[in-house]
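Undergrad: Sequence and predicted structure below; questions after.
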Amino acid sequence: MNNAVSLIKMDTLLKVLQVVPGTSVDGPGLRTSIYLAGCTHRCPGCHNALSWEFDQGTPMTVDELMAQIRAHDFNVTLTGGDPLQHRPLEAVKQLVKAIRAAGYTVWCYTGYTFEQLQTMPEMADLIPMFEALVDGPFVESLRDTSLIFRGSSNQRILRPDGTEADIYQ
């Protein structure tokens, strides 16, 4: 265990709805997607409305999730629900730190726009840890099944600095 991992609280609990290894719809290549409970955006037409309640899911530690990530050996996508609404947010930060320390990349889906996240001080140390952020609420009238890794045309795939990751557009 390297020093970065030793500083991570591996017993931190998250409410997990599902862990899906080997998926190809939540980012490039095969990935392990972790669905976290809770979302207040409640987008009409959401493909995962069962994820809206914060009290759903199974409590899992960062250590338990890391064991699954290592066993499947894929990069990771956080989705849900909205991972950036998970409470405590510190649990998400601990998980992302552990994932990155183990050498995996992390994509995150959120109903917030990048611009909204920039006004939230608690996100300042989390956003830079993502390889990509898929931002914005799902808008049913903008639904577009031709888009890669997004459900509606208002959603963007962004780098942590807010620039579009145009390779996926």
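TA: Structure's in. What do you need?
Undergrad: Would you state the strands of the chain in chain order?
TA: 13-23, 31-36, 58-61, 75-80, 106-109, 132-135, 156-158 (DSSP state E).
Undergrad: any idea of the angle the longest one forms with strand 31-36?
TA: This points to strand 13-23. On the basis of axes from the mean of the first three to the mean of the last three C-alpha atoms, to 10 degrees, strand 13-23 is oriented at 150 degrees to strand 31-36.
Undergrad: residues making contact with strand 13-23?
TA: With C-beta atoms under 8 Å, 6 or more residues apart in numbering as the test, strand 13-23 has contacts from 30-38, 50-51, 54-62, 65, 68, 71-72, 74, 77, 80-81, 86, 91-92, 95. For the C-beta atoms, the positions are set from N, CA and C on the backbone; glycine is no exception.
Undergrad: about what we covered before: compare the strands of the chain and give me the one nearest residue 120.
TA: strand 132-135 (12.7 Å; C-beta to C-beta).
Undergrad: So what are the sheet partners of the closest one and their directions?
TA: Applying DSSP bridges, strand 132-135 is found paired with strand 106-109 (parallel), strand 156-158 (antiparallel).
Undergrad: ok, longest helix in the chain?
TA: helix 89-101 (DSSP state H).
Undergrad: Check the offset of that helix from the chain's centre.
TA: Using C-alpha atoms, centre = their mean, to the nearest Å, the mean C-alpha position of helix 89-101 is found 11 Å from that of the whole chain.
Undergrad: list the buried ones in it?
TA: The neighbour-count check on helix 89-101 (16 or more other C-beta atoms under 10 Å) flags 91-101 as buried.
Undergrad: so which of the strands paired with strand 132-135 gets nearest residue 115?
TA: Nearest of these (C-beta to C-beta): strand 156-158, 10.5 Å.
Undergrad: Averaged pLDDT, the closest one. What do you get?
TA: Per-residue pLDDT over strand 156-158 has a mean of 94.
Undergrad: and it, how far out from the chain's middle?
TA: 13 Å.
Undergrad: hmm, who's touching it?
TA: Contact with strand 156-158 is made by 114, 132-136, 149-150, 164-165, 168-169, as judged by C-beta under 8 Å, 6+ apart.
Undergrad: related to what we said a few turns ago, which strands or helices does the longest helix of the chain pack on?
TA: Packing partners of helix 89-101 (3 or more C-beta pairs under 8 Å, 6 or more residues apart in numbering; DSSP states H and E): helix 3-6, strand 13-23, helix 62-72, strand 75-80, strand 106-109.
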